[in-house]
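In: All I have is the shape, not the residue letters:
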């Protein structure tokens with residue numbers, strides 16, 4: 001059975017909040033960005049998953065402002081939502097804060113939307129979908 005996940009595109013004005021990742025794999029550094037989110041827990045709706053994961057990873061409260069896209073891959077099915085920041089300042093929390101170390105680094109970053117084209121981020125088209133939503 002595939003893992004079911006929910007992720008959030010969190011835009012604030014002309015910026016987007018993303019999780020910066022730097023991992024040392026097979027003798028080299030891999031650097032990329034991801035949308036906050038993660039796996040659905042038992043008896044949890046996808047919307048509840050999205051809100052919980054952002055709260056855990058970014059230490060903020062959000063509300064969802066629309067469904068963007070469903071993406072199915074070999075290993076998982078991910079549902080993407082647009083999120084609106086309600087309270088708090090995004091900072092690293094949860095399991096990511098506990099696991100973050102020199103060779104497996106996590107950081108919340110606020111990226112100008114006009115600079116997203118310069119970073120390694122899966123499904124950049126989700127940002128345009130979120131702006132229209």
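Out: Looks like it arrived, so ask away. Here the structure is a predicted model, which is why all the values come from computation and not from measurement.
In: Any idea how many residues pack against residue 104?
Out: Residues within reach of residue 104, counting by other Cβ atoms under 10 Å, total 13. All C-beta atoms are positioned from the backbone trio N, CA, C, and that covers glycine.
In: same thing with the one 4 residues further on?
Out: Here the number of neighbours of residue 108 (other Cβ under 10 Å) works out to 21.
In: buried set for stretch 94-109?
Out: Buried residues in stretch 94-109, counted by 16 or more other Cβ atoms under 10 Å: 94, 96, 105-106, 108.
In: Give me the contact list for the helix ranked longest in the chain.
Out: With DSSP state H applied, the helix covering the greatest number of residues in the chain is identified as helix 46-58. If you take Cβ atoms under 8 Å, 6 or more residues apart in numbering as the criterion, helix 46-58 is touched by 4-8, 10, 17, 19, 36-41, 44, 60-64, 79, 81, 83, 88, 90-96, 108.
In: In helices, which of the residues you listed appear?
Out: For those, the ones inside helices are 94-96, with DSSP H as the criterion.
In: Specify the beta-bridge partners of residue 25.
Out: On the basis of DSSP bridges, residue 25 is bridged to residue 28.
In: Compute the mean per-residue pLDDT across stretch 106-123, please.
Out: For stretch 106-123, the mean pLDDT works out to 96.
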